[in-house]
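Q: Got a predicted structure plus its sequence, pasted below:
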Amino acid sequence: MLCAFFSEKSMFCVVSYDIPDNKRRRKLAKIIMDYGDRVQYSVFECILDKKLLDKMIRSIYETVSEDEDSVRIYTLCAGCVKDIAVIGCGEVSEDKDVYII
């Protein structure tokens, strides 16, 4: 059974990066913010279906320098997501229902 954080077709992803170039780092942060929530300076939580995940990865490839930059994307199973512990301020990102009229 999936937890309440995401639907059967969605994945919970953690994206982190280490980018030494300020311009590329700012650009990458803006890209990832379109897909998820910033939970630390260089760490994002995203709830994406396969299509959006692939689109985000393509955008990341177009932005980073593979010789200088490091980006890591971890996908978590539903069981792993429910076991996330947050120590201190903040909370785990949730997939909120959004209705646009």
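A: Here it is on my side, so go on. Treat the numbers as computed from the prediction; the structure is a model and nothing was measured.
Q: which helices and strands sit right next to the helix or strand bottoming out on mean pLDDT in the chain?
A: The weakest-scoring helix or strand in the chain, judged by mean pLDDT, DSSP states H and E, is helix 78-82 (a mean of 77). Using 3 or more CB pairs under 8 Å, 6 or more residues apart in numbering; DSSP states H and E as the contact criterion, the secondary-structure elements in contact with helix 78-82 are strand 10-18. Bear in mind the C-beta positions are built from the backbone N, C-alpha and C, glycine included.
Q: Now do the strand it packs on: everything it contacts.
A: Outside strand 10-18, the residues that touch it by CB atoms under 8 Å, 6 or more residues apart in numbering are 5-6, 25, 28, 32, 35-36, 42-50, 53, 56, 64, 69-76, 78, 80-81, 93, 95.
Q: next one: stretch 35-54
A: In contact with stretch 35-54 (CB under 8 Å, 6+ apart) are residues 5-6, 9-19, 25, 29, 32-33, 56, 73, 75, 90, 92-95.
Q: what about stretch 15-26, average pLDDT?
A: When pLDDT is averaged along stretch 15-26, the result is 97.
Q: Quick check: buried residues in it?
A: By neighbour count with 16 or more other CB atoms under 10 Å, stretch 15-26 contains the buried residues 15-17, 19, 24-25.
Q: ditto for stretch 77-93
A: Per 16+ other CB under 10 Å, stretch 77-93 contains these buried residues: 78, 81, 93.
Q: ok, now stretch 38-51?
A: Buried-residue list, stretch 38-51, by 16+ other CB under 10 Å: 39, 42, 44-48.
Q: Tell me the span between the first and last residue of that stretch.
A: Its start and end residues considered, stretch 38-51 measures 21 Å (CA to CA, to the nearest Å).
Q: Off-centre distance for it?
A: Averaged C-alpha coordinates place stretch 38-51 at 1 Å from its chain's average position (CA atoms, centre = their mean, to the nearest Å).
Q: related to what we said a few turns ago, of the contacts of strand 10-18, which belong to helices?
A: Counting by DSSP state H, the contacts of strand 10-18 place 25, 28, 32, 50, 53, 56, 78, 80-81 in helices.
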